[in-house]
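Peer 1: Sequence first, then the predicted structure:
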Amino acid sequence: MMLIYSQEDESVSHDDRGAVAVAHRAFMEEAQRRGALLAADPLEPSATATLVRLHDGKAMVTDGPFAETKEQLAGYYILDCQDLDEALEWAARIPTACAGRSGCIEVRPIREFPRGAAGNG
């Protein structure tokens, strides 16, 4: 899984946002063509998030944003890669990773459960 972190910058021009969207579409099309793309989605801004924590057995709900960080989780890609090296090659090509100090990609394996275990029917 490639978790995409970027700055939620309202000052980015419409043209710049469009160029990034075009670059992401091209990335997804190539990943799909090569049989690697399993899933991908952008996320709404962190201000739309809701956090649920359990406190003394009761759900405590808080509206976002939560983290005092410059970068927020913006979306993800799930790619079928043979190994970490291939995953890192793909991650380096994600347009947000190219944004330098305003974006980064976290690459993390998805834990596999044995068949019949929770979440794996």
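Peer 2: It's in. Residues are numbered from 1 along each chain as shown.
Peer 1: all helices of the chain, in order?
Peer 2: Using DSSP state H, the helices of the chain run over 14-33, 84-93.
Peer 1: Can you tell me which of these is most buried?
Peer 2: The highest average neighbour count among these, using mean count of other Cβ atoms under 10 Å, belongs to helix 84-93 at a mean of 14. All C-beta atoms are positioned from the backbone trio N, CA, C, and that covers glycine.
Peer 1: Pretty sure V20 sits against T96.
Peer 2: Yes: using Cβ atoms under 8 Å, V20 is in contact with T96, at 7.3 Å.
Peer 1: Just give me the longest strand of this structure.
Peer 2: With DSSP state E setting the assignment, residue counts place strand 72-79 as the longest strand in the chain.
Peer 1: Please identify the pairing partners of that strand and their relative orientation?
Peer 2: Paired with strand 72-79 in the same sheet, following DSSP bridges, are strand 2-6 (antiparallel), strand 37-42 (antiparallel).
Peer 1: Could you list the alpha-carbon positions for stretch 77-96 in PDB?
Peer 2: Backbone C-alpha positions of stretch 77-96 (Å, rounded to 0.1, in the frame of the first residue of the first chain) are rendered in PDB as follows:
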ATOM      1  CA  TYR A  77      -2.700   3.200  -4.000                       C
ATOM      2  CA  ILE A  78      -2.700  -0.500  -3.500                       C
ATOM      3  CA  LEU A  79      -0.400  -2.200  -6.000                       C
ATOM      4  CA  ASP A  80       0.500  -5.800  -6.500                       C
ATOM      5  CA  CYS A  81       4.300  -5.800  -6.300                       C
ATOM      6  CA  GLN A  82       6.700  -8.700  -6.400                       C
ATOM      7  CA  ASP A  83       9.000  -7.200  -3.700                       C
ATOM      8  CA  LEU A  84       9.900  -4.000  -1.800                       C
ATOM      9  CA  ASP A  85      12.200  -2.900  -4.600                       C
ATOM     10  CA  GLU A  86       9.400  -2.900  -7.100                       C
ATOM     11  CA  ALA A  87       7.100  -1.100  -4.700                       C
ATOM     12  CA  LEU A  88       9.700   1.600  -4.200                       C
ATOM     13  CA  GLU A  89      10.100   2.000  -7.900                       C
ATOM     14  CA  TRP A  90       6.300   2.600  -8.200                       C
ATOM     15  CA  ALA A  91       6.200   4.900  -5.200                       C
ATOM     16  CA  ALA A  92       8.900   7.100  -6.700                       C
ATOM     17  CA  ARG A  93       6.700   7.600  -9.700                       C
ATOM     18  CA  ILE A  94       3.600   8.700  -7.900                       C
ATOM     19  CA  PRO A  95       3.100  12.400  -8.800                       C
ATOM     20  CA  THR A  96       2.700  13.600  -5.200                       C
END
